[in-house]
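1. what follows is a predicted structure for the sequence shown.
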Amino acid sequence: MGCSVCLTDPGFDVDAWITSDVRTLHMVLMGREQIRAAIRDGRVALTGTPALVRRLPRVLTLTTLAELAGMDGLRQGS
């Protein structure tokens, strides 16, 4: 089973929660901010089963959108 993000509640149980302000989450998803730094600083909180919480930082490290947009600042050393 994969992960998904829904615009409307499909009625399933939530496996993991990500709590963050919009700007920080945007920066993480676009590859401009390291998620582990945002977690350390308290700007991102992960809640859920221990196995999922451990995996989320790897899953959220960089989106395909960031790579396609040329905004891969973490890999380019920005």
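-> Received the coordinates, thanks. Numbers count the residues shown, from 1 in each chain.

2. all strands for the chain, in order.
-> 16-20, 44-48 (DSSP state E).

3. relative to the first one, what are the paired strands and their orientations?
-> Going back to what we said before, that points to strand 16-20. strand 44-48 (antiparallel) (DSSP bridges).

4. so who does the closest residue to residue 48 other than its chain neighbours touch?
-> Nearest residue to residue 48 in three dimensions, chain neighbours excluded: residue 16, at 3.2 Å (Cβ to Cβ, 6 or more residues apart in numbering). Using the backbone N, CA and C atoms, a C-beta is placed for each residue, glycine as well. By Cβ atoms under 8 Å, 6 or more residues apart in numbering, residue 16 lies in contact with 46-49, 52-53, 56.

5. 7 Å instead?
-> Counting by Cβ atoms under 7 Å, 6 or more residues apart in numbering, residue 16 makes contact with 46-48, 52-53, 56.

6. swap in residue 27?
-> So residue 27 contacts residue 33 (Cβ under 7 Å, 6+ apart).

7. against residue 44, how distant is it?
-> Distance of residue 27 to residue 44, given as Cβ to Cβ, to the nearest Å: 10 Å.

8. ok, now residue 12?
-> Applying Cβ to Cβ to residue 12 and residue 44 gives a distance of 23 Å.

9. quick one, which of these two is more surrounded?
-> Comparing residue 12 with residue 44 by other Cβ atoms under 10 Å, the one with more neighbours is residue 44, at 22 against 8.
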